[in-house]
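Engineer: sequence first, predicted model second:
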Amino acid sequence: MNKRIFLDPLFKNNPVSILALGICSALAVTVKLEPALVMALSVTLVTGFSELILSLLRNTIPNRIRIIVQLVVVATLVILVDLILKAYSWQISKQLSVFVGLIITNCIIMGRIEAFALINKPFPSFVDGIANGLGYGMILVAVAFFRELLGSGTILGHHVIPGNWYVANGGFYENNGLFLLPPMALIVVGLIVWIFNAKNDKKVWNK
Amino acid sequence: MRALEKRIEKIVEKIKPAFSKGGRFAFLHSTFDAFESFLLVPGTVTRKGSHIRDCNDLKRVMIVVVIALAPCLLFGMYNTGLQHFLAMGPRSELPGFFSLFWYGFLKVIPLVIVSYAVGLGIEFTIAQIRGHEVNEGYLVTGMLIPLIVPVTIPLWMLALAVAFAVLIGKEIFGGTGMNIWNPALLARAFLFFSYPAYMTGDKVWIDGFTGATPLAAWSEGTVLTDTHSWTDMFLGFIPGSVGETSVVCILLGAVILIYTGVASWKIMISCIAGAALTGLLGDLPVHYHLVMGGFAFGCVFMATDPVTSPQTETGKWIYGALTGALTVTIRLFNPGYPEGMMLAILLMNTFAPLIDHTVVAINVKRRMKRIAAHG
């Protein structure tokens, strides 16, 4: 049971590629791999712990005001993450700018709290949160990997494409500027969705 | 000629069984079919009442466009040589016509070969995987792409752009006839945003020599009327992408397209009108806008693409006028992009279905009113 809770959000019900949630930040923070990794980690922690806390509270929250309670919990966690980032990695915090704050409105978090945490026990909820965060992060990292590699010729800031390949040094290669622009991020996400749909069995759509 | 035809027919008939169902190469059926209908007029006829009284299929329509492009291609080759030698030495030391043409020929042909090899390779592969016939659309796209890029573009970049245009621009939507954007322009847009240094027109000329195209020079503040004669720009003896420079050759192509009914004259006329009217807003004389950059080429060969332009007759007027107006607007008011034709056509391609929908909806409304009035 717990194994499925963990694995489903990674592949069969991936929040980005199957449910099409959280696309916005997937386009915005994936120019470089490093911010994408930090973003993925932040979202994973926030989803995991907010689901855990709200699952603990689930029997005491009045149904009518549940959204506002959820927002309070999520916002608290996001502010914590934001402050930690500002304290320990100022550069990345600056690169991520508003997108850390916008984790509050990330559809994945609200969706999973509503759909899972409020009707399940704390531990499965925690696992579900972490797994959804990882499913989101997986796509983020994949997109950022290709965008950084092809757009800037680096991975995590290290040059991986040999210097003498570049035209400036007498070679033939040039970095592809389109990968630094948001449209290409959308196209890369689209290609990943394509792969997922081709791999997933088609029952998902025929149901 | 007749004998050659007979011989081709015989060969095709002979190898046909191997590619038909149950044959040894049955899995290559769609490839064989593509070559057969390319070489010979298809012999199949409709069983029930036929609606078409012509043997022209899509493939032959596409070939008409390729023929219409031939003047631009040939002139492009000559002009490539001419511009190269003009850059290298004084006008008095120009070699003869044939060596100019030959120089350009050797520069341009690799672009054409790469474009067709990559594009058709992808088309054939996808047709095999999906098990349908090979789409004919690439015959034209493959010729358009080399004509709208600078001749200096590295071949691997061109190959990448072609693959992008065919896969992302066309096949994902379902192949020829289903694409939203003109695939050739998409290839150019890919190059334009990916490798701007190779595309912007301020250093597109050959072998180390950097000379700006008139359009690029103008966007950087040169007064064009002083430096370039309109006649030169009209005839095409200026630097620029391979096929876009000579308006004369483009007009020749336009005559072929309009005479055969392949492209819509309404789009061409309204496009020119839209550009001319908007051009009045700037300082540059209007007739310069019409011969500068890719305007004429885009207007005749790209905006009129029957797949990506509106289908309704009123829609064509609106679409053409907006394309022309947008092109000049981008040229005049956007310092970032000197050339507006590519972006204007792609944007209007996006809106073509909306224009069609609106035209049809308005017509329906009008007729409903008429019915209501006459009870």
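Structural biologist: That came through, no problem. On a predicted model such as this, the values are computed, not experimentally measured, just so you know.
Engineer: what number of residues lie near A:R66?
Structural biologist: 16 (other C-beta atoms under 10 Å in any protein chain shown). For every residue, glycine as well, the C-beta is placed using N, CA and C.
Engineer: sec struct for the residue in chain A that chain B sits nearest to, please.
Structural biologist: Closest approach between chain A and chain B, counting by C-beta to the nearest C-beta: A:L178, at 4.1 Å. Three-state call for A:L178 (DSSP: H, G, I helix; E, B strand; the rest coil): helix.
Engineer: what pLDDT does it get?
Structural biologist: As predicted, A:L178 sits at a pLDDT of 87.
Engineer: so where do the strands sit in the chain?
Structural biologist: I'll assume chain A. Taking DSSP state E, the strands of chain A run over residues A:154-155, A:158-159.
Engineer: in terms of helices and strands, where is whatever residue of the stretch 1-150 of chain B ends up closest to chain A?
Structural biologist: Among the residues of the stretch 1-150 of chain B, B:I129 lies nearest to chain A; the distance is 11.7 Å by C-beta to the nearest C-beta. Secondary structure from DSSP states H and E places B:I129 in helix B:97-130.
Engineer: okay, buried residues for that helix please.
Structural biologist: B:100-101, B:103-105, B:107-108, B:111-112, B:114-116, B:118-120, B:122-124, B:126-127 (16 or more other C-beta atoms under 10 Å in any protein chain shown).
Engineer: residues of the helix or strand that it is followed by that come out buried?
Structural biologist: Where DSSP H and E defines the elements, the next helix or strand beyond helix B:97-130 is helix B:138-147. Within helix B:138-147, the residues that qualify as buried by neighbour count (16+ other C-beta under 10 Å) are B:Y138, B:L139, B:V140, B:T141, B:G142, B:M143, B:L144, B:I145, B:P146, B:L147.
Engineer: okay if I get those as JSON lines plus pLDDT?
Structural biologist: As requested, those are exported to JSON lines (pLDDT from 0 to 100):
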{"residue": "B:Y138", "pLDDT": "84"}
{"residue": "B:L139", "pLDDT": "85"}
{"residue": "B:V140", "pLDDT": "88"}
{"residue": "B:T141", "pLDDT": "89"}
{"residue": "B:G142", "pLDDT": "89"}
{"residue": "B:M143", "pLDDT": "90"}
{"residue": "B:L144", "pLDDT": "91"}
{"residue": "B:I145", "pLDDT": "91"}
{"residue": "B:P146", "pLDDT": "90"}
{"residue": "B:L147", "pLDDT": "89"}
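Engineer: okay, the angle between the helix holding B:I129 and helix B:138-147?
Structural biologist: 140 degrees (axes from the mean of the first three to the mean of the last three C-alpha atoms, to 10 degrees).
Engineer: average pLDDT for helix B:97-130, rounded please.
Structural biologist: The model assigns helix B:97-130 a mean pLDDT of 88.
Engineer: count of residues packed around A:Q70?
Structural biologist: So A:Q70, with other C-beta under 10 Å, has 23 neighbours.
Engineer: out of everything not next to it in sequence, what's closest to it?
Structural biologist: A:I113 (5.2 Å; C-beta to C-beta, 6 or more residues apart in numbering or on different chains).
Engineer: looking at it, the one you found is touching A:V72, isn't it?
Structural biologist: No. Here A:I113 lies out of contact with A:V72, judged by C-beta atoms under 8 Å, at a distance of 11.9 Å.
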